[in-house]
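> for reference, the sequence and a predicted model appear below.
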Amino acid sequence: MRHLHNWLHSPFRIVVMAIAMGAVVFYELARAYYRPFVYSHGINDLHVADTLGNSLGTVATVFAFASVFGCDFSRGLFVLRSAVIGVVVYELLHPLLGKQIDPYDIVATFVAGAVSEMVFRWLDRRLCKNP
């Protein structure tokens, strides 16, 4: 119970979780509206519609894990990076699930991970007043 109490009194961890939940909502909206629009109109969006799950899914995963398991900045950063590696490993294991490896999904995961780390660092500086 003390862990939950500490989590609720950490604006940083609450904001990080809000970003994770926002990414989930944004993904569901994009999957329902953006992806069908792009596909039905034959728009070349540089594989954005194809990689929504990996880009926004990575953001949601890394921020949720960092919020729950990252009790300080260095642990949060470790969790964030570990989650990105985990998503990439999952993509590389797709042949075991009868699916093909999609290099665009792997690139989207790394890009989303890098952007997530930049946002995580920025939030730490803004909310925790670390230089």
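Done, it's in.

> just want the most central residue of this structure.
For the chain, Val59 is the residue whose C-alpha lies nearest the centre (C-alpha atoms, centre = their mean; 1.2 Å).

> show me what the helix or strand where it lies is packed up against.
Assessed by DSSP states H and E, Val59 sits inside helix 52-69. Secondary-structure packing of helix 52-69 (3 or more C-beta pairs under 8 Å, 6 or more residues apart in numbering; DSSP states H and E): helix 11-29, helix 73-92, helix 103-128. Yep, even glycine has a C-beta here, placed from its N, CA and C like the rest.

> for the residue nearest to the centre of the chain, which non-adjacent residue is closest in space?
Leaving out its chain neighbours, the residue that sits closest to Val59 by C-beta to C-beta, 6 or more residues apart in numbering is Ala23, at 4.1 Å.

> then Ala83?
Val62 (4.4 Å).

> thank you kindly, that will do.
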